[in-house]
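Participant: model the following, please.
(chains A and B, ligands or ions: 1)
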Amino acid sequence: MAQAKRPVSPHLQVYRWSVTMASSILHRASGVVLGVGTIALAWWLIAAATSDEAYQLVQACLGSVVGRLVMLGFVWSLVYHMMNGVRHLVWDMGYGFELKTAQFSGWLVFIASFLSTAAIAVTMLVMRGSL
Amino acid sequence: MRTPISKVRGQGSAKNGTHHFWVQRVTAVALIPLCMWFLCALMFHMGNDRAEVLAWLSQPLVAILFILLIMSGLYHLKLGLQVVIEDYVNGEGCKLFSQLAVTLGCSVIAVASLFAVLKIAL
Ligand code: HEM
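Facilitator: Numbering: from 1, shown residues only, chains lettered A, B, ... in the order given. Have a look, this model is predicted:
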């Protein structure tokens, strides 16, 4: 059938970046990252339930430099998704959806998520001398 | 007697009405305190040796919180990934397969994690 040249919706790259758009994408991305984190948590729990060897293996992976960075990424994803999730829930109750407010809360959540993650990292450094 | 219109009212493309949306919110609310607790717990117990972790997980309150976290977290994840797939995956076959994979995958992770917690705690 001759269906050439039907109008299509503009693709992602034609849009100008905005806070609200970035926070929407980050919410989804952090949610999917947390899905991977769930697997890491399951692995850790199963290893702890299984044997010393299994547990040492997880600790060696999660405790390596790469492992620690990944863990920090999981923590940021969780903090961001949680804070932005609260923003979603407030919208669902009918508040804060005006453009200016939504832009403000978008920046607020973004900055607060980094500060909280840094606070967690610093607390661990101070308390236990390592991440 | 249900008229045809009453059967379709409020039913979106997933044939589930607003149930999916609602449970996503319920699990989100449950996850707020649970994830805050989990983040604190992580700060204290990440990297500890196995004996310490086993002793910690054997406390009933800790085990209960873990069970609640795993159940609400994986249900929330399953619902969330389902929406992501609805948005991005084209083709009925692919869609069906990926939804099946998400449902089964989340169930396996949930059961495995729950079993591990119970084995340690009991
Ligand atoms: C800490 C508390 C949490 C809150 C308050 C929260 C809140 C939310 C909300 C309100 C949504 C719906 C967003 C929308 O309608 O677009 C959502 C989506 C989602 N959440 Fe969470 N969540 C939390 C924790 C988690 C965790 C632990 C995971 C992973 C295991 C997760 C994974 C997801 C995924 C994959 C989505 C779908 C993303 C999308 O459709 O764009 N969330 N979350």
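
Participant: please make it C-alpha for all contacts and neighbour counts, starting now.
Facilitator: OK.

Participant: below-threshold pLDDT in chain B: ranges please.
Facilitator: Judged by pLDDT under 70, chain B has its weakly predicted residues at B:1-2, B:5-17.

Participant: quickly find the element holding the most centrally placed residue in chain B.
Facilitator: Centrality entry for chain B: nearest residue to the mean C-alpha point is B:Leu74, 1.7 Å, by C-alpha atoms, centre = their mean. Assigned by DSSP states H and E, B:Leu74 belongs to helix B:60-88.

Participant: next structured bit after that helix?
Facilitator: helix B:92-121.

Participant: which helices and strands does that following helix pack with?
Facilitator: Helix B:92-121 is packed against helix A:19-50, helix B:50-57, helix B:60-88, with contacts defined by 3 or more C-alpha pairs under 8 Å, 6 or more residues apart in numbering or on different chains; DSSP states H and E.

Participant: what residues does stretch B:115-122 touch?
Facilitator: The contact list for stretch B:115-122 (C-alpha atoms under 8 Å, 6 or more residues apart in numbering or on different chains) reads A:Leu45, A:Ile46, A:Ala48, A:Ala49, B:Leu54, B:Leu57, B:Ser58, B:Gln59, B:Pro60, B:Ala63, B:Phe66, B:Ile67.

Participant: that stretch: which residues count as buried?
Facilitator: B:Phe115, B:Ala116, B:Val117, B:Leu118, B:Lys119, B:Ile120, B:Ala121 (16 or more other C-alpha atoms under 10 Å in any protein chain shown).

Participant: do the same with stretch B:63-83
Facilitator: B:63-82.

Participant: interface residues of chain A facing chain B?
Facilitator: Neighbours of chain B within chain A, by C-alpha under 8 Å from any C-alpha of the partner chain: A:28, A:31-32, A:35, A:38-39, A:41-43, A:45-46, A:48-49, A:52, A:55, A:59, A:63, A:75, A:78, A:82, A:85, A:89, A:120, A:123-124.

Participant: tell me the contacts of the residue most central in space within chain A?
Facilitator: Nearest residue to the geometric centre of chain A (C-alpha atoms, centre = their mean): A:Ser77, 2.0 Å. A:Ser77 sits next to A:Ser30, A:Gly31, A:Val33, A:Leu34 when contact means C-alpha under 8 Å, 6+ apart.

Participant: for those, pick the one with the most neighbours.
Facilitator: A:Gly31 (23 neighbours; other C-alpha atoms under 10 Å in any protein chain shown).

Participant: excluding residues flanking it in the chain, which one is nearest A:Asn84?
Facilitator: A:Val109 (6.2 Å; C-alpha to C-alpha, 6 or more residues apart in numbering or on different chains).

Participant: element containing that neighbour, please.
Facilitator: Assigned by DSSP H and E, A:Val109 falls in helix A:99-128.

Participant: buried set for that helix?
Facilitator: A:Ala102, A:Gln103, A:Ser105, A:Gly106, A:Val109, A:Phe110, A:Ser113, A:Thr117, A:Ile120, A:Ala121, A:Thr123, A:Met124.

Participant: what about that helix, distance to the chain center?
Facilitator: When distances are taken as C-alpha atoms, centre = their mean, to the nearest Å, helix A:99-128 is centred 12 Å away from the chain's centroid.

Participant: who are the contact partners of residue 38?
Facilitator: Going with chain A. Contacts of A:Thr38 (C-alpha under 8 Å, 6+ apart): B:Leu74, B:Ile109.

Participant: the chain in question should be chain B.
Facilitator: Counting by C-alpha under 8 Å, 6+ apart, B:Phe38 has no contacts.

Participant: which residue does chain B bring closest to the ligand?
Facilitator: Closest residue of chain B to the ligand, C-alpha to the nearest ligand atom: B:Gly80 (3.3 Å).

Participant: show me what contacts that residue?
Facilitator: Taking C-alpha under 8 Å, 6+ apart, we find B:Gly80 in contact with A:Gly31, B:Gln24.

Participant: follow-up on the earlier one: secondary structure element holding the residue nearest to the centre of chain A?
Facilitator: Secondary structure from DSSP H and E places A:Ser77 in helix A:65-92.

Participant: having no further points to raise, I will conclude here.
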